Every structure is written in structure tokens, then in C-alpha cells.
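>>> Sequence plus predicted model, see below.
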Amino acid sequence: MRTSWADLAASPAAESAGPGSSASNVGTGNPSAPTRPVYVPPHLRNRPPSAEAPAPANSGRTSASGSVAGAGNVGSRLAMPRNDTRLGYGGGSRTGWGNRGSGWDRGKEREANPFGDEDNAEEAIGEQDNTGINFDAYEDIPVETSGGNVPPPVNTFAEIELGEALDQNIRRCKYVKPTPVQRHAIPISLAGRDLMACAQTGSGKTAAFCFPIISGIMRGQPVQRPPRGVRTVYPLALVLSPTRELSMQIHEEARKFSYQTGVRVVVAYGGAPINQQLRDLERGVDILVATPGRLVDLLERARVSLQMIRYLALDEADRMLDMGFEPQIRKIVEQMDMPPPGARQTMLFSATFPKEIQRLASDFLSNYVFLAVGRVGSSTDLIVQRVEFVQESDKRSHLMDLLHAQRANGVQGKQALTLVFVETKKGADALEHWLFINGFPATTIHGDRTQQEREMALRSFKSGNTPILVATDVAARGLDIPHVAHVVNFDLPNDIDDYVHRIGRTGRAGKKGLATAFFNENNASLARALADLMQEANQEVPAWLSRYAARSSFGGRNRRSGGGRFGGRDFRRESFNNRGGSDYYGGGNSGGGYGASGGYAGGYGPGVTSAWD
DNA sequence: AAAAAAG
């Protein structure tokens, strides 16, 4: 029966195995046309591994040895038979999950094991290795929700019906219990609600939107794909992010979560050859992770259609909707063939969410829940923030002093990683060169480098091979780099939100971090916001900075009324007096965001909704 | 003014 889109997707893929065959086998409607089954079509992937080796004694439940699940497996093949009997198939005890009657067979026999086949498994999984998560750091987190009928949070993964295969992957990731944003966001999404979520950097947002998507796709009705054109693919979920490296990272994470669920995740971004990405797409895609430019390209080539999208997730959503990106995002979301709000489920995530961006974002949402999870303070107080007054001309030698001190401190074992942010691409190259000739191995990542160079730089940094990375804002958001001990704002950004994201590259997953900023007259416009932010995060604010702040306190665009926290306030609450649009961050409101202390509407216990209703 | 994102 050629009813499933998967069959449609399968044919072009088979065709790609034999380039000469063109689209003929699709046209014939012959389901078993491919004679060289290099590729296992989705409808065949889920055959119970009848003759496979039985599960060894090693249960795999918590291979707590080492930091990596399956680290002992040299190759991916080794790991898979063991798991097959436990995950996708045998586990079908849960209601509905094992039911393959729909012809929507899931699971794969050829899927590479994303847990066991990575060269740098420790680095790759390290941060998400939640044995290392310091959950105590997440106690007493203030939560605010608003919107109608907010589904209550959960306390454990077990009480969420995510499906056996996904549960198993959660165990493999060593996620012991959900982080606060996951506790709240996952039930909201599973209930089918649209969501705008603010949560601190490093608090597990990726999983928060991936789990409901994967679960929903597994649970969902099989789709009949319109045979629009054989080379067009119809993803069910779209995840957009502002940088290529972040898309890669989300893809890697999502692959782990969807391992042996039969849900296929594909990534597409610019700067890399498009042909491999096209081949990946042709093999079938449920979740497409992409950067906007490349996606538009694919859409215009009609290689991707958004017609079947059920889930849309924007990571770093405020960034995606700011001036540079907004037209592209609108084009993708509103002017292609994506179902409208209400006909799809939309999830927006970021650590920061300025009010006027919330307003733009609300165009994409339908009856959404606003969720803010985080401490009172836009940055986690796991990060020690320092500001030093440094003239432009002294910055280099000052950085050198810091690096020397750090080296002297001799972090045992692996060298601590230092991420240095600068303002410009040229400045990045210049600083890298200077560091290099002064004996500090450094590399750099910015938009003037080739994609290969960018990826190489990031790998080299992550592995500790080059423990200093000089970066522009391309690296400011979302990147999850374990062991970043120190973020240096060599040049401060002009926007306080960028500062929040930059320093959020450290202090992740409940670990501590240090952030040092070089401040001088050029940064006067940031003084107020910076001082406020630091104060909220219980950081020591230098007296000279407070003086700068007082001097420039006539509400520049960086000034957040009411102590902006991390943008964690639903603009709808104040929108009636915000229509004028003259405000930024709701400037001039009287309410002042969260109350100075304990002003949260609730969210601590189940069933709590908010005063917004 | 800068950075990012298609080629």
C-alpha cells in the first residue's frame, strides 16, 4: 500500500542510490521498485530484529560507567541490537505506542547510534550528561505563567507519557529529572498549546521543545503526503535557529532524543554543500532543523514544503525576530505554505524576550501560554560577573594578565576554556593573531570565515586543543560548550540581551562560571542596564559603574523598566498601555515587571495558573 | 555601526 508519505519519500531516495533511474519508479507506483536496498525505507525499518542478538546482561538502563552512555561501544553496530529488544519494539507495552497497525512503522535498523559513535563522545555528550547537572542550583526557581488554562507542571519524566523509546533515550542522556523549564514547558506543549518560553541560558530548552515534538510525531496519525513532486519532502516539524553551529547542535541533540523512535531529524544550513543535505532530505525527514537562508533556498527550489508542518519551534526566538531576521522569518512562516497559527503548534524559546519582540511574535501564535522560568535576575547567579575599567589601548595587555593568572591557577587535568567576545570580525582575527604570537593558542569564529573553518575552530576549542576562542556574536547564543570556565567581554555588546547570552556560554547545567567584562567610556550607554542586571544577580557592582549608570539613566533603549529580569514578563499584561509603541521593554509601565521581591504569580505547585486569567 | 543568514 502506497498510502504513507514515507513511501513517497522512500522512492526518490532509492533513486538516489541509482542515479540513472530518475523518478521512474515513483511514477509507476511500484512499492518495491528499488532493487538495491542500500536504503531501508521507513515502512520496513521497524521490523523486529528477529534474529538479532539478544540483549546482553548489560541492561543499558544506566550504564553509569563513564560519562557517556554506550561509550564502551566502539562502533554503532555493536550497540544497536542490544537496544532493539528494549526500546522501540519490546517496549510497546505502553498504551498505544506499540500499535503499528497504522502502517506507520517506526524504528530503524541502520540508524547510527548517536550515543556511541562519536569520536569525542565525552565532549559531545558531556554537558548534557546530567549526572553532572547540579539540580540544587535550580531549587526555588521563580516561575510565571500566563494565558488561559495553563497545564500544570510535572515533577518527573516518568509522569509524562512520552513513549518508551523516548524514555529510553532520556535515560541514555542521563537526564534524571526534568529541569524547571522542562517541567513546565513539556506539559504545556503536550497539551497542544502554543508557547512562548523564557528560561535562563543553559537550562535545558532544547529538550523542552524536542521532547513534545518527537513524542507528538510518534503518537500522531500517519500522514498521507500529497504527491506534489517526487523530490519535495514534507517535514512535520520545523526548528529554526539563528546560526549554523546552533542548528548543528540542535540537530545532534534531537538525533539523540529520537534515536530508534523512527523519527527522522535532518539539518540544513548555509555554507556547506547543499547536495548532502538534499540527499539527507530525500531519505525522509520528520523534523527539519535549519537556518533561515538555506531553508528559503530549499523552499524556493521546492525541495521542501511546509504544508505538513505540525510543529514550529523558534530557538533564540527574539533574535530570530529582530530587525535582521524578521523578514526572512515572516516569509518562511507566513508567506510559504505553512499552516497558519492554530493549525500548527508553535513554540518560541529564548533566555531573553523584549516586549516589542513579543508583540511581533504574537503574530505567529494562537492562544499561547507565556512561561518564564528563572531566577530573579536575567543571568543565573551561578555566573560570577566582574566588570573592569579598561581603556581600549590597555585591553590586550589586560587580557594577557587574565590569561596568565588563569594559567597559573592551573586548572587540573583539562585546561579550562576561555571564550573571548569581540565586536567585529576583523577585531577577532587581529586579537587571535596577537594572542597566538604571544604564546596563547587561540582560534576564532566569525562570519567571515568559511564554514569549514568555523566548525574546525569550534571543535578545536571544545576539545581543549585550542583553549581560547575569540568570537563575534555568532557564538553568543545557544552554543553548548562544556568546560567554558571564563567568558571575557573584551568588547562589550551594545545590547544588554546580547551580554546575557554571551555570559550564558558559561555557568551551564548548574555549573559555575566566571564572566569578565572590559568597560570604558565607549560602553556608557550600557552602564545602567549592566549595573541593574548585576545587582539583580547579586553581583558586586563597582562604585564607578554605578556612577556611570546614574549619569546615563534617562532610559536609553537598554534600560529595562521595573528591573527587566530576563525579559521574563508577558507583554500582554501591559499591552493595553503599550499600544503607542514608544516604549522598549515596556518602558514607562508602572508595574515594574516582577515585583521587586516575590512578585511572581505562582507556578510553584500543580494547578497554578496566574493572575493573568 | 556590527553581526548573522543563500550563493
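Done, it's in.
>>> For chain A, which residues score under the pLDDT cut-off?
A:1-109, A:117-140, A:223-230, A:375-379, A:408-414, A:553-568, A:575-613 (pLDDT under 70).
>>> Name the nearest residue to residue A:388, sequence neighbours excluded.
residue A:518 (6.0 Å; CB to CB, 6 or more residues apart in numbering). Just so you know, the C-beta spots here come from the backbone N, C-alpha and C atoms, and that holds for glycine as well.
>>> what number of residues lie near that neighbour?
Per other CB atoms under 10 Å, the neighbour tally for residue A:518 reads 23.
>>> how about it, what does it touch?
A:388, A:390, A:395, A:398-399, A:488-492 (CB atoms under 8 Å, 6 or more residues apart in numbering).
>>> Can you list which of those residues are found in strands?
Within the contacts of residue A:518, residues falling in strands by DSSP state E are A:388, A:488-489.
>>> quick check, nearest of those residues to DNA strand B?
Closest approach to DNA strand B among the ones in strands among the contacts of residue A:518 (CB to the nearest atom of the strand): residue A:489, at 14.0 Å.
>>> Run through the bridge partners of that closest one.
residue A:421, residue A:517 (DSSP bridges).
>>> out of everything not next to it in sequence, what's closest to whichever residue of the stretch 151-300 of chain A sits closest to DNA strand B?
Of all residues in the stretch 151-300 of chain A, residue A:293 sits closest to DNA strand B, at 1.9 Å by CB to the nearest atom of the strand. Nearest non-adjacent residue to residue A:293, counting by CB to CB, 6+ apart: residue A:270, 5.0 Å away.
>>> Now that neighbour: phi and psi?
phi -80, psi 170 (degrees, to the nearest 10).
>>> Can you get me a residue count around it?
Using other CB under 10 Å: residue A:270 sits among 17 other residues.
>>> Could you export the contacts of residue A:518 as a markdown table, including neighbour count?
Output for the contacts of residue A:518, formatted as a markdown table (neighbours: other CB atoms under 10 Å):
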| residue | neighbour count |
| --- | --- |
| A:388 | 17 |
| A:390 | 18 |
| A:395 | 18 |
| A:398 | 18 |
| A:399 | 24 |
| A:488 | 26 |
| A:489 | 26 |
| A:490 | 22 |
| A:491 | 22 |
| A:492 | 23 |
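>>> Of those residues, which is the nearest to residue A:506?
Comparing the contacts of residue A:518 against residue A:506 with CB to CB places residue A:488 closest, at 10.2 Å.
>>> before we move on, the earlier item: reformat the contacts of residue A:518 into a markdown table and put distance to residue A:526 next to each item.
Below are the contacts of residue A:518 laid out as a markdown table (distance: CB to CB, whole Å):
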| residue | distance to residue A:526 |
| --- | --- |
| A:388 | 14 |
| A:390 | 14 |
| A:395 | 16 |
| A:398 | 18 |
| A:399 | 19 |
| A:488 | 16 |
| A:489 | 10 |
| A:490 | 14 |
| A:491 | 11 |
| A:492 | 6 |
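>>> Correct me if wrong, but residue A:144 is in a helix.
No: secondary structure of residue A:144 (DSSP: H, G, I helix; E, B strand; the rest coil): strand, not part of a helix.
>>> Distance check, the residue lying closest to it once chain neighbours are set aside against DNA strand B.
Nearest residue to residue A:144 in three dimensions, chain neighbours excluded: residue A:372, at 4.5 Å (CB to CB, 6+ apart). For residue A:372, the distance to DNA strand B equals 24 Å [CB to the nearest atom of the strand, to the nearest Å].
>>> Quick check: residues of the stretch 151-300 of chain A near DNA strand B?
A:242-245, A:269-272, A:274, A:290-297, A:300 (CB under 7 Å from any atom of the strand).
>>> Strands of the stretch 151-300 of chain A, residue ranges please.
For the stretch 151-300 of chain A, the strands defined by DSSP state E, counting those that start in this stretch cover A:195-199, A:237-240, A:265-268, A:287-290.
>>> Out of those, the one nearest residue A:472 is which?
Nearest of those to residue A:472, taken as CB to CB: strand A:237-240 at 20.5 Å.
>>> Point out the residues in the stretch 301-450 of chain A that sit beside DNA strand B.
Neighbours of DNA strand B within the stretch 301-450 of chain A, by CB under 7 Å from any atom of the strand: A:322-325, A:328, A:423-427, A:446-448.
>>> Apply 10 Å and report the result again.
By CB under 10 Å from any atom of the strand, the residues of the stretch 301-450 of chain A that approach DNA strand B are A:301, A:319-320, A:322-329, A:331, A:422-429, A:444-449.
>>> Give me the buried subset of those.
Buried members of these, scored by 16 or more other CB atoms under 10 Å, are A:319-320, A:322, A:325, A:328-329, A:422-423, A:425, A:427-429, A:444-446, A:449.
>>> from those residues, which two are the most distant?
A:329 and A:429 (30.1 Å).
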